[in-house]
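**Q** any chance you can model this:
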Amino acid sequence: MKKFVFASDLHGDHQDTESVDVLLQFIKDFKPDKKVFGGDLFDFRPLRKGAGPAERAESMEADVYAGLEFLSKFKPNVLLLGNHDARLWKTAEHDSVGLVMDLAKQGVRDIEKKCKSINCKIIPYDASSGYYDIGKVRFIHGYFAGIYATKRHADTYSPNGGVVLHGHTHSIGQSGTQRVGGAAGMAVGCLATTDMQYNKHWPNRLTHRNGFAYGYTDAKQWEVFQAKKGLKGWALASEIKIYGRQP
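**A** Presented below is the predicted three-dimensional model:
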């Protein structure tokens with residue numbers, strides 16, 4: 001059985017520092033064989049399609065620095081690019097302004113160089129191939145949103161008899177499927193603040209929770225535990241101590 005930890009959605013300088021601290025302390029105790037980061041390592045809000053003039057003029061220096069610093073500390077074996085991360089790759093390939101394209105290309109090179117230095121594999125944001133498997137567990141960033149996102153991920157991406165873990169929705173939840181052999185999906189929460197400025201008008205923000213997942217898997221079976229931030233601290237499985245705030 002391989003031990004793994006899966007975390008997602010840091011969003012660079014929008015990270016929740018307590019969540020990051022708990023994750024980093026947890027991996028010291030749990031000692032996973034594999035660490036997978038599920039995407040949206042950066043926020044890249046100036047590059048988003050709906051960004052206003054003020055956002056487009058904003059520096060991305062703090063955002064990039066925060067994401068790279070997290071990579072240096074978490075040292076994932078695999079980095080799945082998320083839709084926010086993919087903005088930089090898309091800008092590097094298609095932006096009509098030469099200087100912006102050149103800067104985006106340099107940013108991509110810097111991120112790839114950092115990943116190479118820690119022996120981290122980058123998987124592109126692609127609905128047909130943007131996932132990573134360990135035994136019976138499949139890891140993806142996420143390609144569906146809304147209240148049925150986890151069920152749709154389970155129906156589409158879960159391996160037969162296994163489970164798909166996803167980020168993207170910033171929520172925590174699980175869903176099964178009616179597939180022969182059984183399969184399931186789990187939304188693992190986020191490492192970002194749940195109170196971002198640009199999503200205050202989104203009702204889905206009310207379901208956002210900080211969390212990550214960990215567990216065991218081999219070619220035949222799997223077990224996944226959800227770590228999540230509550231009012232009294234962080235709740236993990238009974239064999240692992242509670243982190244963060246106490247009652």
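
**Q** determine the longest strand present in the protein.
**A** In the chain, taking DSSP state E as the definition, the longest strand is strand 222-230.

**Q** starting at the chain centroid, how far to that strand?
**A** Averaged C-alpha coordinates place strand 222-230 at 14 Å from its chain's average position (Cα atoms, centre = their mean, to the nearest Å).

**Q** which elements pack onto the strand or helix carrying residue 72?
**A** Here residue 72 sits within helix 61-74, counting by DSSP states H and E. Packed against helix 61-74 by the contact rule (3 or more Cβ pairs under 8 Å, 6 or more residues apart in numbering; DSSP states H and E) you find helix 17-30, helix 98-117. C-beta here means a position set from N, CA and C on the backbone, and glycine is covered the same way.

**Q** I'd like the next helix or strand past the shortest one.
**A** Later in the chain than helix 17-30, the nearest helix or strand by DSSP H and E is strand 34-37.

**Q** what lines up beside that next one in the sheet?
**A** Using DSSP bridges, strand 34-37 pairs in its sheet with strand 2-7 (parallel), strand 78-80 (parallel).

**Q** so residue 84 makes contact with residue 14?
**A** No - Residue 84 is not in contact with residue 14 according to Cβ atoms under 8 Å; the separation is 9.8 Å.

**Q** which neighbours do the two share?
**A** residue 43 (Cβ atoms under 8 Å, 6 or more residues apart in numbering).

**Q** roughly how far does the residue lying farthest from the centre of the chain sit from residue 91?
**A** Distance from the C-alpha centroid of the chain peaks at residue 98, with 30.6 Å (Cα atoms, centre = their mean). According to Cβ to Cβ, to the nearest Å, residue 98 and residue 91 sit 12 Å apart.

**Q** common neighbours of the two, please.
**A** Contacts common to residue 98 and residue 91, judged by Cβ under 8 Å, 6+ apart, are absent.

**Q** hang on, the earlier thing: which ones are touching the residue farthest from the centre of the chain?
**A** By Cβ under 8 Å, 6+ apart, residue 98 has no neighbours at all.

**Q** state the distance from it to residue 60.
**A** 18 Å.

**Q** quickly note the distance from residue 125 to residue 215.
**A** In terms of Cβ to Cβ, residue 125 sits 24 Å off from residue 215.

**Q** partners of the longest strand of the chain, with directions?
**A** strand 211-217 (antiparallel), strand 233-235 (antiparallel).

**Q** what average pLDDT does stretch 67-86 get?
**A** Taken as a whole, stretch 67-86 carries a mean pLDDT of 98.

**Q** mind listing what's buried in that stretch?
**A** 67-68, 70-71, 74, 76-86 (16 or more other Cβ atoms under 10 Å).

**Q** one step back: so for the longest strand of the chain, what gets flagged as buried?
**A** Quick answer for strand 222-230 (16+ other Cβ under 10 Å): 222, 224-229.

**Q** just flag the most distant two among these.
**A** 222 and 229 (23.7 Å; Cβ to Cβ).

**Q** in contact with the closest residue to residue 226 other than its chain neighbours, which residues?
**A** Once flanking residues are discounted, residue 226 sits nearest to residue 213: 5.7 Å by Cβ to Cβ, 6 or more residues apart in numbering. Applying Cβ under 8 Å, 6+ apart, one finds that residue 213 lies in contact with 5-7, 165, 186, 188, 224-227.

**Q** closest to residue 138 among those?
**A** Distances from residue 138 to those, taken by Cβ to Cβ, are shortest for residue 165, at 7.2 Å.

**Q** okay, and the beta partners of the closest one?
**A** Going by DSSP bridges, residue 165 forms beta bridges with residue 139, residue 186.

**Q** quick one: residue 101 from residue 151, how far?
**A** 39 Å.
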